[in-house]
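In: With the input below, show me the fold.
(chains A, B, C and D)
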Amino acid sequence: MVHSAVTTDPIDPTSVLERVGSPEDGATVLFLGIVRNHADGRSVTGMRYDAYIEMAEPVLAEIAHEAAARLGTERLAVIHRVGALDIGEVSVAIAVSSPHRAESFDASRYVIEEIKKRLPVWKQEHYTDEPARWVDGTVPPGTGGVRA
Amino acid sequence: MVHSAVTTDPIDPTSVLERVGSPEDGATVLFLGIVRNHADGRSVTGMRYDAYIEMAEPVLAEIAHEAAARLGTERLAVIHRVGALDIGEVSVAIAVSSPHRAESFDASRYVIEEIKKRLPVWKQEHYTDEPARWVDGTVPPGTGGVRA
Amino acid sequence: MTLSVNALFFASYRDLVGTSHMAVELSPGATVSDLVAELRGRGAPFDTLPAEPAVAVNRTYAFLDEPLSADDEVAFIPPVAGG
Amino acid sequence: MTLSVNALFFASYRDLVGTSHMAVELSPGATVSDLVAELRGRGAPFDTLPAEPAVAVNRTYAFLDEPLSADDEVAFIPPVAGG
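Out: Prediction:
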(Lines give C-alpha, C1' and ligand atoms only; values in the text may rest on other atoms or scores of the structure.)
Protein backbone atom coordinates (compact mmCIF):
# COMPACT_ATOMS: atom_id res chain seq x y z
CA MET A 1 0.00 0.00 0.00
CA VAL A 2 1.36 3.40 -0.97
CA HIS A 3 2.16 5.44 2.14
CA SER A 4 2.82 9.17 2.38
CA ALA A 5 2.96 11.55 5.33
CA VAL A 6 4.11 14.99 6.41
CA THR A 7 5.20 14.96 10.02
CA THR A 8 6.84 17.01 12.74
CA ASP A 9 8.27 13.85 14.35
CA PRO A 10 11.84 12.67 13.70
CA ILE A 11 12.00 10.14 10.83
CA ASP A 12 13.29 6.64 11.53
CA PRO A 13 14.76 5.29 8.23
CA THR A 14 14.40 1.66 9.31
CA SER A 15 10.68 1.99 9.92
CA VAL A 16 10.22 3.59 6.48
CA LEU A 17 12.19 0.74 4.92
CA GLU A 18 9.95 -1.77 6.69
CA ARG A 19 6.89 -0.37 4.91
CA VAL A 20 8.08 -1.82 1.57
CA GLY A 21 9.29 -5.21 0.36
CA SER A 22 7.50 -8.35 -0.75
CA PRO A 23 8.57 -11.91 -1.65
CA GLU A 24 8.20 -10.82 -5.30
CA ASP A 25 10.73 -8.02 -4.97
CA GLY A 26 14.42 -8.29 -5.83
CA ALA A 27 15.32 -4.64 -5.20
CA THR A 28 14.75 -1.99 -2.56
CA VAL A 29 15.96 1.60 -2.72
CA LEU A 30 15.92 3.97 0.27
CA PHE A 31 16.65 7.65 -0.28
CA LEU A 32 17.27 10.00 2.64
CA GLY A 33 17.44 13.77 2.38
CA ILE A 34 19.47 15.13 5.26
CA VAL A 35 20.17 18.60 6.63
CA ARG A 36 23.77 19.40 5.76
CA ASN A 37 26.13 21.89 7.37
CA HIS A 38 26.81 24.02 4.31
CA ALA A 39 25.06 25.69 1.37
CA ASP A 40 26.50 27.95 -1.31
CA GLY A 41 29.71 28.26 0.66
CA ARG A 42 27.97 29.30 3.88
CA SER A 43 28.16 27.41 7.14
CA VAL A 44 24.65 26.24 8.11
CA THR A 45 23.66 25.55 11.73
CA GLY A 46 20.13 24.22 11.15
CA MET A 47 17.08 24.37 8.94
CA ARG A 48 13.46 25.29 9.55
CA TYR A 49 10.91 23.60 7.25
CA ASP A 50 7.53 25.31 6.83
CA ALA A 51 4.65 23.69 4.97
CA TYR A 52 1.18 24.51 3.72
CA ILE A 53 0.25 21.36 5.51
CA GLU A 54 -3.36 21.03 4.30
CA MET A 55 -2.07 21.07 0.72
CA ALA A 56 1.31 19.36 1.21
CA GLU A 57 -0.32 16.14 2.39
CA PRO A 58 -2.49 15.60 -0.71
CA VAL A 59 0.30 16.77 -3.07
CA LEU A 60 2.74 14.30 -1.49
CA ALA A 61 0.13 11.54 -1.79
CA GLU A 62 -0.36 12.42 -5.46
CA ILE A 63 3.40 12.30 -6.12
CA ALA A 64 3.61 8.94 -4.33
CA HIS A 65 0.81 7.47 -6.43
CA GLU A 66 2.32 8.76 -9.67
CA ALA A 67 5.64 7.16 -8.69
CA ALA A 68 3.92 3.88 -7.79
CA ALA A 69 2.35 3.83 -11.24
CA ARG A 70 5.86 4.11 -12.75
CA LEU A 71 7.18 1.55 -10.28
CA GLY A 72 4.50 -0.98 -11.10
CA THR A 73 4.03 -1.88 -7.42
CA GLU A 74 2.24 -0.24 -4.48
CA ARG A 75 5.34 -0.72 -2.35
CA LEU A 76 6.36 2.88 -1.90
CA ALA A 77 6.56 5.01 1.25
CA VAL A 78 7.53 8.66 1.57
CA ILE A 79 7.70 10.79 4.70
CA HIS A 80 8.57 14.49 4.75
CA ARG A 81 9.42 16.22 7.99
CA VAL A 82 8.64 19.83 8.89
CA GLY A 83 9.67 22.07 11.78
CA ALA A 84 13.14 22.85 13.12
CA LEU A 85 15.82 20.33 12.12
CA ASP A 86 19.43 20.04 13.22
CA ILE A 87 22.38 19.15 10.98
CA GLY A 88 22.31 15.42 10.20
CA GLU A 89 18.57 15.03 10.73
CA VAL A 90 16.49 13.36 8.02
CA SER A 91 14.15 15.79 6.21
CA VAL A 92 12.70 13.26 3.77
CA ALA A 93 12.78 9.46 3.45
CA ILE A 94 11.64 7.54 0.39
CA ALA A 95 11.53 3.72 0.32
CA VAL A 96 10.48 1.67 -2.70
CA SER A 97 10.71 -1.97 -3.74
CA SER A 98 10.07 -3.81 -6.99
CA PRO A 99 10.89 -7.08 -8.74
CA HIS A 100 13.76 -5.44 -10.70
CA ARG A 101 16.12 -2.65 -9.68
CA ALA A 102 15.64 -0.15 -12.52
CA GLU A 103 12.05 0.58 -11.48
CA SER A 104 13.01 1.17 -7.84
CA PHE A 105 15.81 3.58 -8.73
CA ASP A 106 13.52 5.41 -11.16
CA ALA A 107 10.59 5.75 -8.75
CA SER A 108 12.80 6.89 -5.90
CA ARG A 109 14.35 9.58 -8.06
CA TYR A 110 10.92 10.61 -9.37
CA VAL A 111 9.56 11.21 -5.86
CA ILE A 112 12.43 13.43 -4.73
CA GLU A 113 12.50 15.44 -7.99
CA GLU A 114 8.74 16.05 -7.86
CA ILE A 115 8.90 17.02 -4.18
CA LYS A 116 11.40 19.70 -5.11
CA LYS A 117 9.23 20.89 -7.97
CA ARG A 118 5.82 21.08 -6.39
CA LEU A 119 5.49 20.20 -2.72
CA PRO A 120 4.36 23.38 -0.90
CA VAL A 121 7.22 23.31 1.60
CA TRP A 122 9.83 25.98 2.26
CA LYS A 123 13.04 25.96 4.18
CA GLN A 124 14.88 28.63 6.06
CA GLU A 125 18.61 28.19 6.56
CA HIS A 126 20.14 29.35 9.81
CA TYR A 127 23.79 30.45 9.88
CA THR A 128 26.42 31.08 12.50
CA ASP A 129 26.91 34.78 11.87
CA GLU A 130 24.25 36.16 9.56
CA PRO A 131 20.42 36.34 9.52
CA ALA A 132 18.39 33.28 8.52
CA ARG A 133 17.44 33.12 4.83
CA TRP A 134 14.63 31.39 2.92
CA VAL A 135 16.21 28.98 0.43
CA ASP A 136 15.66 29.83 -3.24
CA GLY A 137 13.07 27.52 -4.70
CA THR A 138 11.10 26.52 -7.76
CA VAL A 139 7.82 27.84 -9.13
CA PRO A 140 5.55 24.78 -9.32
CA PRO A 141 4.08 23.85 -12.72
CA GLY A 142 0.48 24.96 -13.24
CA THR A 143 0.73 28.33 -11.54
CA GLY A 144 2.72 31.58 -11.48
CA GLY A 145 1.10 33.22 -14.51
CA VAL A 146 -1.94 32.80 -16.74
CA ARG A 147 -3.10 29.56 -18.32
CA ALA A 148 -1.31 29.01 -21.65
CA MET B 1 36.32 5.39 4.50
CA VAL B 2 35.28 3.14 1.62
CA HIS B 3 34.14 -0.22 2.96
CA SER B 4 33.61 -3.46 1.03
CA ALA B 5 33.15 -7.05 2.14
CA VAL B 6 32.02 -10.46 0.99
CA THR B 7 30.41 -12.35 3.84
CA THR B 8 28.48 -15.49 4.71
CA ASP B 9 26.68 -13.66 7.56
CA PRO B 10 23.20 -12.16 7.16
CA ILE B 11 23.36 -8.49 6.15
CA ASP B 12 21.82 -5.88 8.45
CA PRO B 13 20.79 -2.91 6.25
CA THR B 14 20.83 -0.47 9.18
CA SER B 15 24.43 -1.23 10.04
CA VAL B 16 25.45 -0.71 6.39
CA LEU B 17 23.61 2.62 6.38
CA GLU B 18 25.44 3.66 9.53
CA ARG B 19 28.80 3.32 7.74
CA VAL B 20 28.05 6.39 5.63
CA GLY B 21 26.88 9.95 6.30
CA SER B 22 28.66 13.10 7.38
CA PRO B 23 27.59 16.61 8.41
CA GLU B 24 28.53 17.68 4.87
CA ASP B 25 26.10 15.26 3.23
CA GLY B 26 22.57 16.13 2.14
CA ALA B 27 21.74 12.78 0.52
CA THR B 28 22.03 9.09 1.34
CA VAL B 29 21.02 6.22 -0.94
CA LEU B 30 20.72 2.61 0.25
CA PHE B 31 20.25 -0.15 -2.33
CA LEU B 32 19.32 -3.68 -1.30
CA GLY B 33 19.37 -6.69 -3.60
CA ILE B 34 16.99 -9.30 -2.25
CA VAL B 35 16.26 -12.93 -3.12
CA ARG B 36 12.85 -12.96 -4.81
CA ASN B 37 10.40 -15.81 -5.17
CA HIS B 38 10.26 -15.90 -8.96
CA ALA B 39 12.51 -15.78 -12.03
CA ASP B 40 11.59 -16.14 -15.70
CA GLY B 41 8.12 -17.33 -14.72
CA ARG B 42 9.43 -20.04 -12.38
CA SER B 43 8.68 -20.24 -8.70
CA VAL B 44 11.95 -19.95 -6.74
CA THR B 45 12.38 -21.38 -3.24
CA GLY B 46 15.89 -20.09 -2.50
CA MET B 47 19.25 -19.13 -3.93
CA ARG B 48 22.77 -20.37 -3.41
CA TYR B 49 25.54 -17.85 -4.02
CA ASP B 50 29.03 -19.17 -4.80
CA ALA B 51 32.07 -16.93 -5.02
CA TYR B 52 35.72 -17.09 -6.01
CA ILE B 53 36.23 -15.45 -2.67
CA GLU B 54 39.97 -14.66 -2.96
CA MET B 55 39.22 -12.70 -6.14
CA ALA B 56 35.72 -11.40 -5.29
CA GLU B 57 37.02 -9.41 -2.33
CA PRO B 58 39.58 -7.36 -4.28
CA VAL B 59 37.23 -6.94 -7.26
CA LEU B 60 34.48 -5.63 -4.96
CA ALA B 61 36.96 -3.27 -3.32
CA GLU B 62 38.02 -2.04 -6.76
CA ILE B 63 34.40 -1.40 -7.78
CA ALA B 64 33.79 0.44 -4.49
CA HIS B 65 36.79 2.70 -5.02
CA GLU B 66 35.82 3.46 -8.61
CA ALA B 67 32.33 4.40 -7.41
CA ALA B 68 33.75 6.57 -4.62
CA ALA B 69 35.79 8.45 -7.22
CA ARG B 70 32.54 9.19 -9.11
CA LEU B 71 30.77 10.04 -5.87
CA GLY B 72 33.45 12.46 -4.79
CA THR B 73 33.34 11.20 -1.19
CA GLU B 74 34.75 8.15 0.60
CA ARG B 75 31.36 7.52 2.18
CA LEU B 76 30.45 4.30 0.43
CA ALA B 77 29.89 0.81 1.83
CA VAL B 78 29.04 -2.39 -0.05
CA ILE B 79 28.52 -5.87 1.35
CA HIS B 80 27.81 -8.95 -0.75
CA ARG B 81 26.58 -12.12 0.85
CA VAL B 82 27.38 -15.67 -0.26
CA GLY B 83 26.05 -19.09 0.75
CA ALA B 84 22.46 -20.33 0.94
CA LEU B 85 19.85 -17.54 1.09
CA ASP B 86 16.10 -17.76 1.63
CA ILE B 87 13.47 -15.65 -0.15
CA GLY B 88 13.49 -12.11 1.24
CA GLU B 89 17.09 -12.24 2.44
CA VAL B 90 19.46 -9.45 1.41
CA SER B 91 22.15 -10.59 -1.06
CA VAL B 92 23.82 -7.21 -1.49
CA ALA B 93 23.62 -3.86 0.31
CA ILE B 94 25.12 -0.62 -1.00
CA ALA B 95 25.05 2.60 1.04
CA VAL B 96 26.44 5.92 -0.16
CA SER B 97 26.20 9.53 0.93
CA SER B 98 27.23 12.83 -0.64
CA PRO B 99 26.53 16.56 -0.42
CA HIS B 100 24.05 16.38 -3.34
CA ARG B 101 21.67 13.59 -4.37
CA ALA B 102 22.68 13.05 -8.00
CA GLU B 103 26.10 11.71 -7.03
CA SER B 104 24.66 9.25 -4.49
CA PHE B 105 22.12 7.83 -6.95
CA ASP B 106 24.80 7.54 -9.62
CA ALA B 107 27.37 5.82 -7.40
CA SER B 108 24.83 3.39 -5.99
CA ARG B 109 23.73 2.40 -9.47
CA TYR B 110 27.35 2.10 -10.63
CA VAL B 111 28.22 -0.37 -7.87
CA ILE B 112 25.31 -2.72 -8.56
CA GLU B 113 25.81 -2.62 -12.35
CA GLU B 114 29.54 -3.35 -12.03
CA ILE B 115 28.89 -6.17 -9.55
CA LYS B 116 26.67 -7.80 -12.14
CA LYS B 117 29.29 -7.34 -14.87
CA ARG B 118 32.44 -8.50 -13.15
CA LEU B 119 32.20 -9.79 -9.58
CA PRO B 120 33.20 -13.47 -9.65
CA VAL B 121 30.01 -14.67 -7.97
CA TRP B 122 27.46 -17.16 -9.27
CA LYS B 123 23.99 -18.04 -8.13
CA GLN B 124 22.03 -21.22 -8.31
CA GLU B 125 18.26 -20.99 -8.21
CA HIS B 126 16.31 -23.66 -6.38
CA TYR B 127 12.76 -24.47 -7.45
CA THR B 128 9.78 -26.30 -6.02
CA ASP B 129 9.57 -29.04 -8.63
CA GLU B 130 12.61 -29.04 -10.91
CA PRO B 131 16.38 -29.33 -10.49
CA ALA B 132 18.41 -26.32 -9.34
CA ARG B 133 19.87 -24.22 -12.14
CA TRP B 134 22.85 -21.83 -12.38
CA VAL B 135 21.55 -18.41 -13.34
CA ASP B 136 22.66 -17.13 -16.76
CA GLY B 137 25.34 -14.51 -16.34
CA THR B 138 27.67 -12.08 -18.04
CA VAL B 139 31.19 -12.59 -19.41
CA PRO B 140 33.32 -10.01 -17.56
CA PRO B 141 35.22 -7.43 -19.63
CA GLY B 142 38.91 -8.24 -20.17
CA THR B 143 38.55 -11.99 -20.61
CA GLY B 144 36.74 -14.65 -22.64
CA GLY B 145 38.85 -14.42 -25.80
CA VAL B 146 42.15 -13.01 -26.96
CA ARG B 147 43.39 -9.49 -26.35
CA ALA B 148 42.04 -7.12 -29.06
CA MET C 1 -22.76 42.50 -2.62
CA THR C 2 -19.12 41.37 -2.31
CA LEU C 3 -17.15 38.16 -2.45
CA SER C 4 -15.05 37.28 0.57
CA VAL C 5 -11.98 35.05 0.15
CA ASN C 6 -9.36 33.90 2.62
CA ALA C 7 -5.80 34.79 1.55
CA LEU C 8 -2.93 32.73 3.02
CA PHE C 9 0.74 33.75 3.08
CA PHE C 10 3.62 31.33 3.59
CA ALA C 11 7.34 31.54 4.30
CA SER C 12 8.94 34.64 2.74
CA TYR C 13 5.51 36.04 1.76
CA ARG C 14 4.29 35.72 5.34
CA ASP C 15 7.43 37.58 6.46
CA LEU C 16 6.76 40.29 3.83
CA VAL C 17 3.14 40.98 4.71
CA GLY C 18 3.48 40.23 8.42
CA THR C 19 0.49 37.89 8.64
CA SER C 20 -0.31 34.29 7.75
CA HIS C 21 -3.90 34.87 6.61
CA MET C 22 -6.53 37.55 6.07
CA ALA C 23 -10.04 37.89 4.69
CA VAL C 24 -10.28 40.02 1.53
CA GLU C 25 -13.48 41.45 0.00
CA LEU C 26 -13.63 41.37 -3.81
CA SER C 27 -16.25 42.21 -6.42
CA PRO C 28 -18.36 39.32 -7.75
CA GLY C 29 -16.67 37.67 -10.73
CA ALA C 30 -13.19 38.48 -9.42
CA THR C 31 -10.22 36.31 -10.41
CA VAL C 32 -6.91 35.62 -8.68
CA SER C 33 -5.46 38.58 -10.62
CA ASP C 34 -8.06 40.87 -9.08
CA LEU C 35 -7.13 39.65 -5.61
CA VAL C 36 -3.44 40.32 -6.28
CA ALA C 37 -4.24 43.81 -7.64
CA GLU C 38 -6.49 44.58 -4.67
CA LEU C 39 -3.76 43.64 -2.21
CA ARG C 40 -0.89 45.36 -4.02
CA GLY C 41 -3.09 48.46 -4.35
CA ARG C 42 -3.14 48.77 -0.56
CA GLY C 43 0.51 49.84 -0.60
CA ALA C 44 3.14 48.76 1.94
CA PRO C 45 3.72 46.01 2.87
CA PHE C 46 1.38 44.38 0.32
CA ASP C 47 3.01 46.05 -2.69
CA THR C 48 6.09 43.91 -2.05
CA LEU C 49 4.14 40.83 -3.17
CA PRO C 50 4.97 39.85 -6.76
CA ALA C 51 2.55 41.00 -9.48
CA GLU C 52 2.31 37.42 -10.81
CA PRO C 53 2.72 35.13 -7.81
CA ALA C 54 2.26 31.39 -7.81
CA VAL C 55 -1.01 30.58 -6.04
CA ALA C 56 -3.17 27.67 -4.99
CA VAL C 57 -6.94 27.99 -4.90
CA ASN C 58 -8.56 25.59 -2.47
CA ARG C 59 -5.27 23.66 -2.21
CA THR C 60 -4.75 23.19 -5.96
CA TYR C 61 -2.22 25.19 -7.97
CA ALA C 62 -4.00 27.74 -10.16
CA PHE C 63 -3.26 30.41 -12.73
CA LEU C 64 -4.01 34.11 -12.28
CA ASP C 65 -7.11 34.00 -14.46
CA GLU C 66 -8.80 31.48 -12.17
CA PRO C 67 -12.23 32.83 -11.13
CA LEU C 68 -12.91 32.97 -7.39
CA SER C 69 -16.00 32.02 -5.39
CA ALA C 70 -17.13 32.99 -1.90
CA ASP C 71 -14.96 31.53 0.88
CA ASP C 72 -12.24 30.30 -1.49
CA GLU C 73 -8.86 29.72 0.15
CA VAL C 74 -6.20 31.46 -1.95
CA ALA C 75 -2.63 30.68 -0.91
CA PHE C 76 0.30 32.82 -2.06
CA ILE C 77 3.02 30.26 -2.78
CA PRO C 78 6.68 31.40 -2.77
CA PRO C 79 8.98 29.23 -4.92
CA VAL C 80 8.90 25.84 -3.15
CA ALA C 81 11.98 24.21 -1.62
CA GLY C 82 11.10 20.89 -0.03
CA GLY C 83 13.24 17.80 0.18
CA MET D 1 61.11 -29.71 -17.53
CA THR D 2 57.45 -28.79 -17.19
CA LEU D 3 55.36 -25.94 -15.86
CA SER D 4 52.80 -26.78 -13.19
CA VAL D 5 49.73 -24.52 -12.77
CA ASN D 6 46.73 -24.80 -10.48
CA ALA D 7 43.41 -24.82 -12.38
CA LEU D 8 40.28 -23.77 -10.46
CA PHE D 9 36.68 -24.49 -11.48
CA PHE D 10 33.64 -22.62 -10.18
CA ALA D 11 29.87 -23.00 -10.24
CA SER D 12 28.67 -24.71 -13.45
CA TYR D 13 32.26 -25.50 -14.55
CA ARG D 14 32.92 -27.23 -11.23
CA ASP D 15 29.75 -29.25 -11.77
CA LEU D 16 30.90 -30.11 -15.32
CA VAL D 17 34.38 -31.33 -14.45
CA GLY D 18 33.49 -32.72 -11.02
CA THR D 19 36.30 -31.00 -9.13
CA SER D 20 37.05 -27.53 -7.78
CA HIS D 21 40.78 -27.56 -8.53
CA MET D 22 43.59 -29.61 -10.05
CA ALA D 23 47.28 -29.29 -10.86
CA VAL D 24 48.07 -29.37 -14.59
CA GLU D 25 51.52 -29.84 -16.16
CA LEU D 26 52.22 -27.74 -19.26
CA SER D 27 55.23 -27.12 -21.50
CA PRO D 28 57.37 -24.09 -20.71
CA GLY D 29 56.04 -21.00 -22.51
CA ALA D 30 52.47 -22.25 -22.37
CA THR D 31 49.57 -19.77 -22.45
CA VAL D 32 46.02 -19.99 -21.11
CA SER D 33 45.01 -21.34 -24.54
CA ASP D 34 47.46 -24.22 -24.14
CA LEU D 35 45.98 -25.06 -20.74
CA VAL D 36 42.45 -25.09 -22.19
CA ALA D 37 43.59 -27.29 -25.10
CA GLU D 38 45.43 -29.67 -22.74
CA LEU D 39 42.32 -30.11 -20.58
CA ARG D 40 39.82 -30.42 -23.43
CA GLY D 41 42.18 -32.95 -25.09
CA ARG D 42 41.69 -35.26 -22.13
CA GLY D 43 38.14 -36.00 -23.27
CA ALA D 44 35.12 -36.35 -20.98
CA PRO D 45 34.31 -34.52 -18.80
CA PHE D 46 36.91 -31.86 -19.68
CA ASP D 47 35.81 -31.57 -23.31
CA THR D 48 32.58 -30.00 -22.06
CA LEU D 49 34.53 -26.89 -21.00
CA PRO D 50 34.21 -24.08 -23.57
CA ALA D 51 37.04 -23.65 -26.09
CA GLU D 52 37.30 -19.95 -25.21
CA PRO D 53 36.37 -19.65 -21.54
CA ALA D 54 36.63 -16.53 -19.42
CA VAL D 55 39.58 -16.96 -17.05
CA ALA D 56 41.43 -15.18 -14.29
CA VAL D 57 45.18 -15.65 -13.83
CA ASN D 58 46.30 -15.02 -10.27
CA ARG D 59 42.92 -13.39 -9.49
CA THR D 60 42.93 -10.95 -12.40
CA TYR D 61 40.82 -11.41 -15.53
CA ALA D 62 43.01 -12.45 -18.46
CA PHE D 63 42.77 -13.25 -22.16
CA LEU D 64 43.59 -16.62 -23.68
CA ASP D 65 46.97 -15.47 -24.99
CA GLU D 66 48.20 -14.68 -21.45
CA PRO D 67 51.53 -16.53 -20.84
CA LEU D 68 51.65 -18.72 -17.73
CA SER D 69 54.37 -19.15 -15.11
CA ALA D 70 55.03 -21.89 -12.59
CA ASP D 71 52.41 -22.10 -9.82
CA ASP D 72 50.02 -19.68 -11.50
CA GLU D 73 46.41 -19.94 -10.34
CA VAL D 74 44.16 -20.15 -13.39
CA ALA D 75 40.45 -19.91 -12.64
CA PHE D 76 37.81 -20.94 -15.17
CA ILE D 77 35.10 -18.28 -14.76
CA PRO D 78 31.54 -19.09 -15.91
CA PRO D 79 29.48 -16.00 -16.84
CA VAL D 80 29.15 -14.13 -13.53
CA ALA D 81 25.81 -13.47 -11.81
CA GLY D 82 26.31 -11.60 -8.56
CA GLY D 83 24.02 -9.02 -7.01
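
In: check whether the helix or strand C:L8 falls within contacts chain A.
Out: Secondary-structure assignment from DSSP states H and E places C:L8 in strand C:3-9. Yes: Strand C:3-9 reaches chain A (C-beta under 8 Å from any C-beta of the partner chain) through C:L8. C-beta: built from backbone N, CA, C; applies to glycine.

In: Does anything pack onto that strand? Which helices or strands?
Out: Counting contacts by 3 or more C-beta pairs under 8 Å, 6 or more residues apart in numbering or on different chains; DSSP states H and E, strand C:3-9 is packed against strand C:21-26, helix C:32-40, strand C:73-77.

In: list the contacts for the closest residue to chain D within chain C?
Out: Distances between chain C and chain D by C-beta to the nearest C-beta are smallest at C:G83, namely 28.9 Å. By C-beta atoms under 8 Å, 6 or more residues apart in numbering or on different chains, the contact list for C:G83 reads A:33, A:80, A:91-92, A:112, A:115-116, A:119, A:121.

In: got it, and C:P67?
Out: C:29-31.

In: and it, what are its bridge partners?
Out: C:T31 (DSSP bridges).

In: tell me, how many neighbours does residue 36 end up with?
Out: Went with chain A since none was named. 21 (other C-beta atoms under 10 Å in any protein chain shown).

In: meant chain C actually
Out: 21.

In: what sits against it?
Out: C:49, C:51-53, C:64.

In: follow-up on the earlier one: so which of the contacts of C:G83 belong to strands?
Out: Among those, the members falling in strands (DSSP state E) are A:33, A:80, A:91-92, A:121.

In: and the residue of chain A found nearest chain D, how many neighbours does it have?
Out: Chain D sits closest to A:R101 of chain A, with a gap of 8.3 Å, by C-beta to the nearest C-beta. When counting by other C-beta under 10 Å, one arrives at 24 neighbours for A:R101.

In: what's the spacing between it and A:S108?
Out: 11 Å (C-beta to C-beta, to the nearest Å).

In: between the two, what contacts are shared?
Out: Joint contacts of A:R101 and A:S108 (C-beta under 8 Å, 6+ apart) are A:V29.

In: just checking, A:A64 touches A:V6?
Out: No: between A:A64 and A:V6 there is no contact under C-beta atoms under 8 Å: 11.5 Å.

In: ok so, going back, the contacts of C:G83 into a markdown table, with extra columns for pLDDT, distance to chain B and neighbour count?
Out: A markdown table is the format used below for these (pLDDT from 0 to 100; distance: C-beta to the nearest C-beta, whole Å; neighbours: other C-beta atoms under 10 Å in any protein chain shown):
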| residue | pLDDT | distance to chain B | neighbour count |
| --- | --- | --- | --- |
| A:G33 | 98 | 6 | 23 |
| A:H80 | 98 | 15 | 27 |
| A:S91 | 98 | 9 | 23 |
| A:V92 | 98 | 10 | 26 |
| A:I112 | 98 | 6 | 22 |
| A:I115 | 98 | 11 | 25 |
| A:K116 | 98 | 9 | 18 |
| A:L119 | 98 | 15 | 28 |
| A:V121 | 98 | 15 | 29 |
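
In: May I see those residues organised as JSON lines, with distance to D:A70 added?
Out: As requested, these are exported to JSON lines (distance: C-beta to C-beta, whole Å):
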{"residue": "A:G33", "distance to D:A70": "56"}
{"residue": "A:H80", "distance to D:A70": "63"}
{"residue": "A:S91", "distance to D:A70": "60"}
{"residue": "A:V92", "distance to D:A70": "59"}
{"residue": "A:I112", "distance to D:A70": "56"}
{"residue": "A:I115", "distance to D:A70": "61"}
{"residue": "A:K116", "distance to D:A70": "61"}
{"residue": "A:L119", "distance to D:A70": "66"}
{"residue": "A:V121", "distance to D:A70": "67"}
